[in-house]
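Q: build me a model:
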Amino acid sequence: MTQSGQTPDRPWSALRWGGPAIVDQVLSSGTQLLLVVLVARSAPAAVFGAVSVAVLVHGFLLGSVRALVADVVLIRCRRAGSDTDHEARLGLFLAIAFGIAGGALVAVAGLVVGGEVGRFLLLFAGAVPFVHGQEVLRSVAYGERRLADAVVLDGVWMAVQVLVTVALLLVDGASARLLVLAWALGAGASLLSGCVRRRLRPSGRGARSWISADRKRGLGFLGDFTISTGVIQASFLVLGATLPLAQFGTFRLAFVSVSPLANVMAGVRSLTLARLAEVDQDRARAASLARRAAIVFATFATTYGLVLGLLPAAAGVAVFGSTWRAARHLVAFVALGEVFRMGTLPAIDLLKVVASPGLLVRTRIVTSCLLVGGILVGGAAAGARGAVVGTAVALAAAGLVWWSRVRAIERQPPWERSESEV
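A: Sure thing, here's the model as predicted:
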């Protein structure tokens, strides 16, 4: 039985674990990036569009199970005295069960929609349980501070996907469907290798007590994810319907240009969430840790934004295409907004650990409304430039709201804190 314990805060700790977390996240994001790039380069626009729809659906399902199961498993693994092998078996069971149910819904949607989109939805539906199970094993690795295990998991996925893809390219058989199957095969191989290495198999033993203890937390995380993702995507759709397509394209590209930073830092964020879960009984210590993490996150975002802003136009066009010439004038505001957003992530994660699910969701509703207002009001007033300026202002205001919630929880007397977590 593997048990989790607490470790003191040390200045070198973040550097020690941050490097492997970044490597792991590069591998994790790289598998899907490889698939998207290869399909974009080899398939007609209509096929790429169909794959893009399937990828978006898959991403929403993965984010949902990460919120509902994987993040809860990570937090449970960091609790003193936790049996991480048991948490891994039960987390696998829950994630795969949700994966089967979600995959079935995607398959039904694929049959109803039909056409190219329907066919790719069916392909992704088969991969959902494997991807969800693999995500839980990654969360267990972060919870146990065994980041090498997470790197191996994602490394196996990448290696299998690359080997199969290269074989397809050599025989000139790299169709979009086979490329998706290569990606799915990598996910299955990663899950199987993780289970074999840990001698794990899914088990539902203890599911009732798990659900009873952490149902509200998981539903709160799911509500937070659904609101933050769904509302913002809806605002983008409204903006796309009101702006000229050329302006909306530059707006989206400006945001895409900062997305690599968020992908790379996702692993470090998981470490931050795990560490906050470890010290959640000491609110002052947890808040101090969150503030230090916010400085690190904001510093990375500032550095990345400066590099992006100083990127020569020719280099930007080579990476992002000809639309970059127009989008680069918006990047400064988008990068500024990303500094505010990244600096707020530790506050959100602290509330995930110490606050009630209701407070988390209510705060997300308030901040999402601010962000939607910033995007749409700014877009209506001054087009794409107004939308990015409005987004930056809204992200700054949202950051103030999140950190004010943290400060309010710090000031609560002990008896009020216990009630706020119910």
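
Q: rest of the way, CA atoms for contacts and neighbours
A: Fine.

Q: quick check: residue 222 touching residue 67?
A: Yes. Counting by CA atoms under 8 Å, residue 222 touches residue 67, with 5.1 Å between them.

Q: list residues touching both of the two?
A: Overlap of the contact sets of residue 222 and residue 67 (by CA atoms under 8 Å, 6 or more residues apart in numbering) is empty.

Q: what's the helix or strand residue 180 falls within packed up against?
A: Residue 180 is part of helix 176-198, with elements assigned from DSSP states H and E. Under the contact definition 3 or more CA pairs under 8 Å, 6 or more residues apart in numbering; DSSP states H and E, helix 176-198 sits against helix 13-42, helix 115-143, helix 147-170.

Q: try 6 Å this time
A: helix 115-143, helix 147-170 (3 or more CA pairs under 6 Å, 6 or more residues apart in numbering; DSSP states H and E).

Q: how much space between the closest residue to residue 112 other than its chain neighbours and residue 108?
A: Nearest residue to residue 112, sequence neighbours excluded (CA to CA, 6 or more residues apart in numbering): residue 118, at 7.3 Å. Separation of residue 118 from residue 108 (CA to CA, to the nearest Å): 9 Å.

Q: out of the two, which sits in the more crowded spot?
A: Set side by side, residue 118 and residue 108 show more neighbours around residue 118, with 21 against 16, by other CA atoms under 10 Å.

Q: which outside residues touch stretch 381-393?
A: With contact meaning CA atoms under 6 Å, 6 or more residues apart in numbering, stretch 381-393 is reached by 247, 251, 333, 334, 337, 374, 375, 378, 379.

Q: what is the least confident helix or strand in the protein?
A: Least confident helix or strand, the chain: helix 414-420 with a mean of 44, by mean pLDDT, DSSP states H and E.

Q: list the buried residues in stretch 394-413.
A: Buried positions in stretch 394-413, judged by neighbour count with 16 or more other CA atoms under 10 Å: 394-403, 405-406, 409-410.

Q: these in helices, which ones?
A: 394-403, 405-406, 409-410 (DSSP state H).

Q: low-confidence ranges in the stretch 51-200 of the chain?
A: 80 (pLDDT under 70).

Q: how about the stretch 251-400 of the chain?
A: 280, 319-321.

Q: hang on, the earlier thing: quick one: which of the helices and strands packed on helix 176-198 is nearest residue 188?
A: helix 115-143 (5.3 Å; CA to CA).

Q: list the helices and strands that closest one packs on?
A: Using 3+ CA pairs under 6 Å, 6+ apart, the elements in contact with helix 115-143 are helix 45-65, helix 71-78, helix 84-113, helix 147-170, helix 176-198.

Q: give me the angle between that helix and helix 71-78.
A: Going by axes from the mean of the first three to the mean of the last three CA atoms, to 10 degrees, helix 115-143 is angled at 10 degrees with respect to helix 71-78.

Q: now the angle from helix 115-143 to helix 13-42?
A: 170 degrees.

Q: what residues sit buried inside the helix or strand hosting residue 246?
A: Using DSSP H and E, residue 246 sits within helix 245-278. Across helix 245-278, burial judged by 16+ other CA under 10 Å covers 247-251, 253-255, 257-258, 261-278.
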